[in-house]
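S.K.: 3D, please:
(2 chains)
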Amino acid sequence: MLSDFLFRLRAIFRAKSMDTDLDEELKFHLDRQLEKSIQSGLSPEEARRRVRLDFGGATQVTEECRDARGIRALEALSQDIRYGFRTLRKNPGFTCVALITLALAIGANTAIFSVVHGALLRPLPYAGPDRLIVLNETHPRIGTITVSYPNFLDWRAQNHVFSGMAVMAGVGYNLSGIAQPETIRGQAVSSNFLSLIGVHPLFGRDFDPSEDKPGAAPVVMLTNPLWQSHFAGRQDVIGRSVSLDGRGFTIVAVLPPDFRTTDAVSVLEPLGVWLTNNTFATNRVNRGDTAAIGRLTTGVTLARARAEMEGIAARLATAYPQDNDHFGIALQPIRELFVGDIRPAIMVLFAAVMFVLLIACANVANLFLMRAAGRTREIALRVAIGATGGRIIQQMLAESFVVAGLGGVLGLGLAFAGMRAMSRLIPAAAMAGNGMNLNSAVLLFALGATALAAITFGLAPAMQSVPAGVHSRLKESGKSSAGGIRQNHWRTMLVVAELALSVILLAGAGLMVKSVERLIAVDPGFRPDHVLRLNLSLTPSQYPNSTAILAFWRQLLDGVRALPGVESAALGTDVPLTNSHSRGDITVEGMPLPAPGSFPHPDEHDVSPGYLRTLGVRLLGGRDFTNADSETAPNVAFINARLARDFFPGQDPVGKRFVPGRPDPGRDLEWITIVGVVDDTRMYGLANPSRLEIYRPLAQGPPGKMDLIVKSRIEPASLTPSIRRVLDS
Amino acid sequence: MSRIDLPQGTLDLLILRTLSLGPQHGWGISERVQRLSSEVLCIQQGSLYPALHRLERRGWIKARWGTSENNRRARYYELTRAGRKQLETETGLWKQLTTAVSQVLGEA
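M.R.: Below you'll find the predicted structure:
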């Protein structure tokens, strides 16, 4: 089949030399025949006459040979395509409508497919990504939660289902020593991490197993984007030092461009650096920003691995009830981690644009049918002078392929523009590697969509144009040009299909609008409009104790509040919708002690006075914090409405007391008095339920990292430069 | 003996069979068929060349330029591996056909 096609193609391109070859070949034959006849005793004239008679018309033989070589079919095709272009030029209105319709549909499909490809289809930049499993802990009341490092060590030692297991701990740093200090995120990883996921540094060295132990020297690997933006992609960065939180880290490697890990990070550091003087490393109950990744041993299914890890979790819960009561282990294939949330949205969008493409095809098919109505006479004439049905269909299809091809090219341009717009709407974390682009797979898809479109909208008009009987056609179009019954039949079917598709699309779109409306109607418990948030962290070396830290925060607040345009300003940790949190058990005074895993486990915020007003969180009872709630004053807190409902049903919680953590006989209880109740906030997105929350005054334990929130009377972003000036001073 | 025009569909078989004896140009093929059939079978030149090009397109024979017995440039055809296989199939079919036809004729 293929060789036959290649032969024909060659025949076309070399048609000229083949024709001369053929002439020479036939001449040779004639000459030999002539010789033979003369030898047999005929006179030269008589011989020539006989031979010519025998041979038949030379032109006819040549034609038949060309036919046999299969040139004619392809010649006809190129003729049809040229004819298609000509008819399109003659009908600019028709052409424009058809092209715009197709370009929009093919463009939308290609753009969305580039997302599907980038997020769902493209292989992840790992070796054997299907066997890479991300492990977290789970708790029935909390859901998925990060991993306790001592637990990780036990998992790794006790399991038989993973051929290797690595750990990643999130870290945050102030990157300084550059024009504008900034906060960056990083991960501390065990030395087997890169080899486990099958990634090699672009250049430089991998971490060494000796760097897994506390006391390891501070070294970092740079991700490619950081290397490009801060070191201009220079090769000589190895051995140079970067300042993270004021401490010099030696650069040992640069990661490849497509590198990605479970978090958006700029640097990797050895696990040993993170383990040094870190209570998270030794305290089993602490669950920091830590996750594990394992490679399934060949032949082990995910279900078997889950069963085995469940067994390990149960053993650990029995062995360490204070730390592990009710805790299980969650196993998630790494691709699911990246695209889990966004997959349905992408698939819905893809289905929607597919429908749009089908509707566009139906529309263009209708246009073609209408035009064909005016062409019945032309077609009838063609048939009358000898065109076969197949030939007519080929001609009509060639026209639709020309239209679809042009539409496809325009669509690609639209897709390219659309991709740039979309890349700003889709979280980068969901896109494997470098986000979306026009790669060969996407181009192939566009080509496929174009061909499919051409056949879909070309076939109906082509089929119906095949004449049932030439006579009836000539007569029919003599009377009117509205087209016959058959044609109306096709058009009715198309309209029905179009309507059905449109109804599906409209219903889908309506449901989506409804969902968005319901999300908007959700009361988030705070008012984020005109609020600016800046993430700030202090360098431990410069601010060694809580007095210094508190002094800085107070000075900063005074400075920002004095800026023109600022209505109010406050500081807080883990403000809503940022997805960061810190949580811990509390013990409420007088409550019966539950099992270790069933203590109330609220989110904790440290906030400055003015936090509630700045974020618009309603105070339901009690009082706001003031500057009088200082380090030396009695410990106080707010709780949110849900905590009040759950633990003080039917009572006024103001004046009640609790302690952080679980009761410890050897420790004096530092009671915290509840002074206020605030409304629930949708901390983790509008679609997620509210949780238990407590708020503590900033002065009674000032943290080194906080969010500055500023409510302004003017456009919030315009405040950024003046706030930066306050920060610098 | 009078000459017989070729029955439908046997031309390809004859060409393939002739070329199985060795490479040959178009005129040589028609001569060889005539001689092997004791001058009974005669290939119309007008159908020989289209047939050759068709067989070439199907990949059963291939052509190259060579020098003829009388020192002229001539286009020589030879059997390909696929052509050899095709010859076997068609020969088999032909034998079945002729046996069946002569059986019918014999009984009539």
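S.K.: how far away is the residue nearest the centre of chain B from chain A?
M.R.: Central residue of chain B (C-alpha atoms, centre = their mean): residue B:15, 1.6 Å from the mean position. According to C-beta to the nearest C-beta, to the nearest Å, residue B:15 stands 13 Å off from chain A. In short, each C-beta sits where N, CA and C put it, glycine included.
S.K.: next, the buried residues of the one helix or strand that residue maps to.
M.R.: Using DSSP states H and E, residue B:15 sits within helix B:10-19. Buried residues in helix B:10-19, counting neighbours by 16 or more other C-beta atoms under 10 Å in any protein chain shown, are found at B:11, B:12, B:13, B:14, B:15, B:16, B:17, B:18, B:19.
S.K.: give the contact list for the residue nearest to the centre of chain B.
M.R.: Residue B:15 is in contact with B:29, B:48, B:51, B:52, B:55, B:61, B:77, counting by C-beta atoms under 8 Å, 6 or more residues apart in numbering or on different chains.
S.K.: mind redoing it with 10 Å?
M.R.: Under the criterion of C-beta atoms under 10 Å, 6 or more residues apart in numbering or on different chains, the contact list for residue B:15 reads B:24, B:26, B:29-30, B:32-33, B:43, B:48, B:51-52, B:54-55, B:60-61, B:77, B:79, B:83, B:87.
S.K.: same question for residue A:524.
M.R.: Counting by C-beta under 10 Å, 6+ apart, residue A:524 touches A:576-577, A:615-617, A:679-683, A:685-686, A:690.
S.K.: hang on, the earlier thing: and the helix holding residue B:15, how far from the chain's centre?
M.R.: 2 Å (C-alpha atoms, centre = their mean, to the nearest Å).
S.K.: dump the C-alpha coordinates for it into CSV.
M.R.: C-alpha atoms of helix B:10-19 as CSV (Å, rounded to 0.1, in the frame of the first residue of the first chain):
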residue,chain,number,x,y,z
THR,B,10,-3.4,-14.2,-18.6
LEU,B,11,-1.1,-11.5,-19.8
ASP,B,12,0.4,-10.8,-16.3
LEU,B,13,1.0,-14.5,-15.8
LEU,B,14,2.8,-14.8,-19.1
ILE,B,15,5.0,-11.8,-18.5
LEU,B,16,5.9,-13.1,-15.0
ARG,B,17,6.6,-16.5,-16.3
THR,B,18,8.8,-15.2,-19.1
LEU,B,19,10.8,-13.0,-16.8
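S.K.: identify all contacting residues around whichever helix or strand comes after it.
M.R.: Next along the chain after helix B:10-19, taking DSSP H and E as the criterion, comes strand B:24-25. Residues from elsewhere that reach strand B:24-25, judged by C-beta under 10 Å, 6+ apart: A:25, A:28-29, A:32, B:15, B:18, B:30-32, B:52, B:63, B:65-66, B:68-69, B:72-78.
S.K.: let's see 6 Å
M.R.: B:74, B:75, B:76 (C-beta atoms under 6 Å, 6 or more residues apart in numbering or on different chains).
S.K.: check which residues of the helix or strand hosting the last one are buried.
M.R.: Read it as residue B:76. Element membership of residue B:76 [criterion: DSSP H and E] is strand B:73-79. Using 16+ other C-beta under 10 Å as the burial criterion, the residues of strand B:73-79 that qualify are B:74, B:75, B:76, B:77, B:79.
S.K.: out of those, who's near chain A?
M.R.: Contacts with chain A are made by B:74, B:75 out of the buried residues of strand B:73-79, judged by C-beta under 6 Å from any C-beta of the partner chain.
S.K.: just the buried residues of strand B:73-79 now: which is nearest residue A:694?
M.R.: Residue A:694 lies nearest to residue B:79 out of the buried residues of strand B:73-79, by C-beta to C-beta, at 91.9 Å.
S.K.: the closest residue to the closest one other than its chain neighbours and chain A: what is the separation?
M.R.: Spatial nearest neighbour of residue B:79, excluding adjacent residues (C-beta to C-beta, 6 or more residues apart in numbering or on different chains): residue B:19 at 4.7 Å. Separation of residue B:19 from chain A (C-beta to the nearest C-beta) stands at 16 Å.
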